[in-house]
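[1] fold the following for me, if possible:
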Amino acid sequence: MRLRSAVGCFCVLLLLVLPGCAPSGIPEGPAPVPVDGTVTLDGQPLAGASLMFGQSAFGETDANGHYELAAAGGKKGCPPGEYKVVIEKWVMPDGSPYKSGEMSPMDAGAKQELPAKYTDPEKTELKATVPAEGGTFPFELKSN
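    Numbering: from 1, shown residues only. Sure, this is the predicted structure:
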């Protein structure tokens, strides 16, 4: 009987945390709002970098360092709120960009190009407060 109760509680919790799968009447949280910006490194556009606003939204920079965020479930934007921002750029030993695939960057032999003050969720100095109407957030990184 105890096992059945534990399994039942687990199923209810699972329904509450899966995006888009909450039972009707239970709010899923704020809707994503448009968020974009640019990332530069030492004054130059940083192409091929990945951005994470907490665990809520993700993006990747283009050749001009421009990004647009997408929230969990593929919805364009980011929910309003305060975020620690992590920016990573993985490169292969020959300097070519790491292409995500079946292997993690470390298993593929890639190395992190940016300092830990941008890449480590515990050490990042980058923050963003996304207002209800969304916004543009430029990040000017330094290599040292």
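
[2] can you tell me the closest non-neighbouring residue to residue 29?
    Nearest non-adjacent residue to residue 29, counting by Cβ to Cβ, 6 or more residues apart in numbering: residue 79, 5.9 Å away. The way it works is simple: take the backbone N, C-alpha and C, and place the C-beta from them, glycine included.

[3] pretty sure the one you found is touching residue 130, no?
    Yes: Residue 79 lies in contact with residue 130 (Cβ atoms under 8 Å); the separation is 7.2 Å.

[4] need the pLDDT of the most centrally placed residue in the chain.
    In the chain, the residue lying closest to the centroid (Cα atoms, centre = their mean) is residue 52, at 2.1 Å. Per-residue confidence for residue 52 comes out at a pLDDT of 97.

[5] same check, this time on residue 45
    The predicted structure scores residue 45 at 98 on the pLDDT scale.

[6] and what of residue 10?
    Turning to residue 10, the model gives it a pLDDT of 38.

[7] before we move on, what about residue 72?
    Looking at residue 72, its pLDDT is 81.

[8] around residue 34, count how many other residues there are.
    Residues near residue 34, counting by other Cβ atoms under 10 Å, number 14.

[9] distance of it from residue 51?
    Separation of residue 34 from residue 51 (Cβ to Cβ, to the nearest Å) stands at 15 Å.

[10] ok, residue 138 next?
    With distances taken as Cβ to Cβ, residue 138 is found 12 Å from residue 51.

[11] over to residue 119?
    The separation that residue 119 has from residue 51, given Cβ to Cβ, amounts to 11 Å.

[12] next, show the common contact partners of the two.
    Overlap between the neighbourhoods of residue 119 and residue 51 consists of 86, 87, taking contacts as Cβ atoms under 8 Å, 6 or more residues apart in numbering.

[13] out of these two, which sits in the busier spot?
    For residue 119 and residue 51, the more surrounded residue by other Cβ under 10 Å is residue 51, and the numbers stand at 24 against 20.

[14] who's the more buried one bridged to?
    Under the criterion DSSP bridges, residue 51 forms beta bridges with residue 59, residue 87.

[15] helix or strand: which one has residue 117?
    helix 116-119 (DSSP states H and E).

[16] show me where this protein has its helices.
    Counting by DSSP state H, residue ranges of the helices within the chain are 2-17, 116-119.
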